[in-house]
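1. sequence-free structure coming up:
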C-alpha cells in the first residue's frame, strides 16, 4: 500500500509539473529585437530646400527619411558638401556666403526662424527646412 501511495504521489507531481510547463509556454509572446522596434519607431520624414537671393536652388532640394533625434546640421552634413565652423555654415553644395555683400546662410523650419543654431535644432516628422543665402 505504501508503494502504491508513493506511485500515485509521483504520478500526480509529474502531471502537475507537466501541466504548469505547458501553460507557461502558451502565454509566452514572440521575442522582438530592439533593432526591429527602433527602426519601426524612429524613422521620420523631413525635406530640405535652398534659395539664393530669394530664388530656389532646385538641384539641392531633397526629401529624407532620417532617424528621430537628428539635428538640422547633422542631416545637412550627411547629405551635402558643407563647409562649417563652430556651427556656422559658410558653404552648401558649392554655394558660398559672401561677407563683403553681407550674404549669409540662414535657415528656417516650417517657415519660422528657430531660436537655436542648426547644431541644436532637433528635427521632427514632417519638418520643412529651408536654407537661404540672402542679404542679412
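-> Looks like it came in fine. Remember, it's a predicted structure, so these values are computed and weren't measured experimentally.

2. Could you chop this structure up by domain?
-> 1-30, 43-135 (automatic domain parsing).

3. now, of the ones you listed, which is deepest in the fold?
-> Burial of the domains of the chain is given as mean neighbour count (mean count of other CB atoms under 10 Å); domain 43-135 ranks first at a mean of 15. Glycine gets a C-beta too; all of them are placed from N, C-alpha and C.

4. What's the end-to-end length of it?
-> End-to-end distance of domain 43-135 (CA to CA, to the nearest Å): 35 Å.

5. measure residue 132 to residue 68 for me?
-> From residue 132 across to residue 68, the span is 26 Å (CB to CB, to the nearest Å).

6. Any chance of CSV for the domains of the chain, columns mean pLDDT?
-> Below are those laid out as CSV (pLDDT from 0 to 100):
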stretch, mean pLDDT
domain 1-30, 40
domain 43-135, 96
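
7. Helices of the protein, start to end?
-> 2-27, 34-42, 72-79 (DSSP state H).

8. Which other helices and strands does the last one contact?
-> With contacts taken as 3 or more CB pairs under 8 Å, 6 or more residues apart in numbering; DSSP states H and E, helix 72-79 sits against strand 43-52, strand 62-67, strand 82-85, strand 88-92, strand 128-135.

9. which one of those lies closest to residue 106?
-> Evaluated over those, closeness to residue 106 peaks at strand 128-135, with 5.6 Å, by CB to CB.

10. what comes into contact with the closest one?
-> Contacts with strand 128-135, where a contact means CB atoms under 8 Å, 6 or more residues apart in numbering, come from 46-54, 72, 75-76, 89, 92, 95, 97, 101-111, 123.

11. Strand 62-67 and that strand, what's the angle between them?
-> Note on geometry: by axes from the mean of the first three to the mean of the last three CA atoms, to 10 degrees, strand 128-135 and strand 62-67 are set 130 degrees apart in direction.

12. Strand 128-135: partners in the sheet, and parallel or antiparallel?
-> In the sheet, strand 128-135 lines up against strand 43-52 (parallel), strand 103-109 (antiparallel) (DSSP bridges).

13. got the end-to-end distance for stretch 66-77?
-> Stretch 66-77 has its terminal residues 13 Å apart, counting by CA to CA.

14. Okay then, goodbye and thanks.
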